[in-house]
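> what follows is a protein structure lacking sequence information:
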């Protein structure tokens, strides 16, 4: 990743987070939830950005649809704030890494390991 792409990616993340924190997005599904921008992936030509987010307070699907509706507005604000001639098209994607981590942890807890003495022990049970 080039230095410029990495710098712009970080600035986009900061600007989007600031917009959400200031309450610039008036969509009720977005305004009523606590949204964190976890990562931004930017194409090399700076035309496309995938914004990963997590949300609390509303259903993730509702927040996702609210962010998609506000994407054009947010794109214009990002372009203006960063002084970009062409602002990247923003595509929002929920960050499911926390959900997947919980699923993996739950699966690991269900694994039964036979011990040398013949008793079975579960991972994560402390025994």
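Right, received. Where do you want to start? Note that this is a predicted model, so its numbers are computed, not measured. Residues are numbered from 1 along each chain as shown.

> centre of the chain to the longest helix anywhere in the chain, how far?
Counting by DSSP state H, the longest helix found in the chain is helix 60-82. For helix 60-82, the gap between its own C-alpha mean and the chain's C-alpha mean amounts to 13 Å (CA atoms, centre = their mean, to the nearest Å).

> show me what secondary structure element comes after it.
strand 89-94 (DSSP states H and E).

> just want the most central residue of the protein.
For the chain, residue 53 is the residue whose C-alpha lies nearest the centre (CA atoms, centre = their mean; 2.0 Å).

> for the longest helix of the chain, buried residues please.
By 16 or more other CB atoms under 10 Å, the buried positions in helix 60-82 come out as 60, 62-64, 66-67, 70-71, 74-75, 77-79, 81. Quick note: C-beta positions are derived from backbone N, CA and C, even for glycine.

> so which of those residues comes closest to residue 119?
Ranked by distance to residue 119 (CB to CB), the buried residues of helix 60-82 are led by residue 60 at 41.1 Å.

> follow-up on the earlier one: make CSV out of the buried residues of helix 60-82 and add pLDDT and distance to residue 33.
Formatted as CSV, the buried residues of helix 60-82 follow (pLDDT from 0 to 100; distance: CB to CB, whole Å):
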residue, pLDDT, distance to residue 33
60, 89, 9
62, 93, 8
63, 94, 5
64, 95, 11
66, 94, 8
67, 96, 10
70, 95, 13
71, 96, 16
74, 97, 15
75, 97, 20
77, 96, 19
78, 96, 20
79, 96, 25
81, 95, 23
